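[1] What follows is a protein structure lacking sequence information:
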């Protein structure tokens, strides 16, 4: 049986980054993924300045730019007619974000990990673990579908919210949260270039997300109630096409008619966006990215979380915390407030709460900037919702205000 320092299950944002970091530090690392790359997956696609700075520090940002033409994007959110927009406070020279399809991003990340010295087996499915992950029976490797056993000092589950590693370990989902939105999205060619990533939410429980992406491709996402993703393929496509035309102030319907949808419609039901925490690690195993903690995708934190957690774990394992005794606390502290915040924006605005909140937020430039900088993790949500601001925005009702903003 071949034995590695680490077997990483899942080779996307979390898996490739942790594998590459460990391999660069001298570990013998194997990446295992049931997919073969290039391979697409459901994603919010957006990366904020903090993540771009991380990728630059790893040498990945330059690789992306050498392969693709990436847009530099400002954020614009319009909720019930109130606009929140602008640049982010710069992080290591980055004040704008970007958007890229995962078939492009993940291929670059995989190539980077292999260049750092990681080995890979793609098209392979992990069906079991060697060991139960307890103190008396630590995880010592993985078992593939054909029964082959591969030994490892650490098994790293980076295989997403439906993680096989977490399932085999029978890990409980804790602190569950849910919201009301479902999504349909597709990739398009032939739409005009834009320097803005736009999110528009109407009061009829519908929303449009427009992300310019790499090489002139655009990602158009339609949000709606859970019923949006039900029915036949033809019914969903009809809902999607009609929904996109409900935002003529964002997309000229004539330009949409002239553009080309270049993929099948992607269906993301509400059930795919339910949040949780799982225990982060134990004897011989650790979870990174969505496998261990899943936020609502409305605030597009998934890629950032995956990369930050992977960097932390790699540094800890090869540094002063080789048993990852501090990882659970670090992850909890980093996600504090952001988990709940993501689900505020994954629900539909309640008018009597949303209007005073959004009016106050959108007319206060300092508050707007603080809000934008929550997306880059410069701020926590509490830096926006200060007692002074809430008192000003809600007036005499501030003492009885609901705890959810803006939903």
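    Cool, got the structure. It should be emphasised that the depicted structure is a prediction, and the values quoted were computed from it without experimental measurement.
[2] in the stretch 301-407 of the chain, which segments are predicted with low confidence?
    Within the stretch 301-407 of the chain, the ranges that satisfy pLDDT under 70 run 396-407.
[3] who touches residue 67 in this structure?
    If you count contacts by Cβ atoms under 8 Å, 6 or more residues apart in numbering, residue 67 has them with 104, 108. C-beta: built from backbone N, CA, C; applies to glycine.
[4] confidence score at it?
    At residue 67 the predicted local confidence, pLDDT, stands at 98.
[5] and the gap between the residue positioned nearest the centre of the chain and residue 20?
    The chain has residue 302 as the residue nearest its centroid, 1.8 Å off, counting by Cα atoms, centre = their mean. In this structure, residue 302 and residue 20 are 19 Å apart, going by Cβ to Cβ, to the nearest Å.
[6] Give me the secondary structure label for residue 8.
    Local secondary structure at residue 8 is given as strand here, using DSSP: H, G, I helix; E, B strand; the rest coil.
[7] Which strand residues bridge it?
    With DSSP bridges applied, the residues forming beta bridges to residue 8 are residue 31, residue 156.
[8] All further residue positions should be reported with the first residue as 145.
    That works, and once the first residue is 145, the last one we named lands at residue 152.
[9] Tell me the spacing between the residue nearest to the centre of the chain and residue 272.
    With distances taken as Cβ to Cβ, residue 446 is found 27 Å from residue 272.
[10] What segments of the protein are helices?
    With DSSP state H as the criterion, the chain has helices at 157-168, 193-202, 204-211, 246-259, 308-312, 377-388, 397-402, 446-461, 471-479, 482-488, 495-506, 509-519, 531-538.
[11] would you list the ones you listed in TSV and tack on distance to residue 349?
    TSV is the format used below for the helices of the chain (distance: least, Cβ to Cβ, whole Å):
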stretch	distance to residue 349
helix 157-168	31
helix 193-202	30
helix 204-211	36
helix 246-259	28
helix 308-312	33
helix 377-388	11
helix 397-402	21
helix 446-461	24
helix 471-479	28
helix 482-488	15
helix 495-506	12
helix 509-519	23
helix 531-538	24
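[12] hey, which of the ones you listed is tucked in deepest?
    helix 157-168 (a mean of 29; mean count of other Cβ atoms under 10 Å).
[13] which residues are in contact with that one?
    Around helix 157-168, the neighbours that count as contacts under Cβ under 8 Å, 6+ apart are 149-150, 152-153, 155, 173, 175, 177, 202, 249-250, 253-254, 256-257, 259-262, 300, 302-303, 432-435, 446-447, 450-451, 453-455, 457-459, 461-462.
[14] Okay, now the unreliable bits of the stretch 195-344 of the chain?
    Scanning the stretch 195-344 of the chain for pLDDT under 70 picks out nothing.
[15] now the strands: where do they sit in it?
    Secondary structure of the stretch 195-344 of the chain by DSSP state E, counting those that start in this stretch: the strands cover 218-223, 226-230, 242-243, 263-266, 270-274, 285-288, 293-301, 318-321, 326-333, 340-346.
[16] Give me whichever of the ones you listed is most buried.
    Using mean count of other Cβ under 10 Å, strand 242-243 ranks as the most buried of these, with a mean of 25.
[17] just checking, residue 444 touches residue 194?
    No. Here residue 444 lies out of contact with residue 194, judged by Cβ atoms under 8 Å, at a distance of 11.7 Å.
[18] quick revisit: for residue 322, which of the helices of the chain is the nearest?
    Of all the helices of the chain, the one in closest proximity to residue 322, counting by Cβ to Cβ, is helix 482-488 (7.5 Å).
[19] about what we covered before: okay, the strands of the stretch 195-344 of the chain in TSV with distance to residue 536 next?
    As requested, the strands of the stretch 195-344 of the chain are arranged in TSV below (distance: least, Cβ to Cβ, whole Å):
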stretch	distance to residue 536
strand 218-223	19
strand 226-230	16
strand 242-243	34
strand 263-266	55
strand 270-274	53
strand 285-288	55
strand 293-301	46
strand 318-321	29
strand 326-333	34
strand 340-346	24
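[20] Would you mind telling me which of those strands is nearest residue 533?
    Residue 533 lies closest, by Cβ to Cβ, to one member of these: strand 226-230, at 14.1 Å.
[21] Pull up the pairing partners for the closest one, direction included.
    Using DSSP bridges, strand 226-230 pairs in its sheet with strand 218-223 (antiparallel).
[22] Contacts for the partner strand, please.
    227-232, 240-241, 339-345, 493, 498, 502, 516, 519, 550.
[23] repeat that with 6 Å
    228, 229, 231, 340, 341, 342, 343, 344, 345, 502 (Cβ atoms under 6 Å, 6 or more residues apart in numbering).
[24] which non-adjacent residue is nearest the second one?
    In space, not counting the residues next to it along the chain, residue 229 is nearest to residue 220; the distance is 4.0 Å by Cβ to Cβ, 6 or more residues apart in numbering.
[25] For that neighbour, name its beta-bridge partners.
    According to DSSP bridges, the partner residues bridging residue 220 are residue 229, residue 342.
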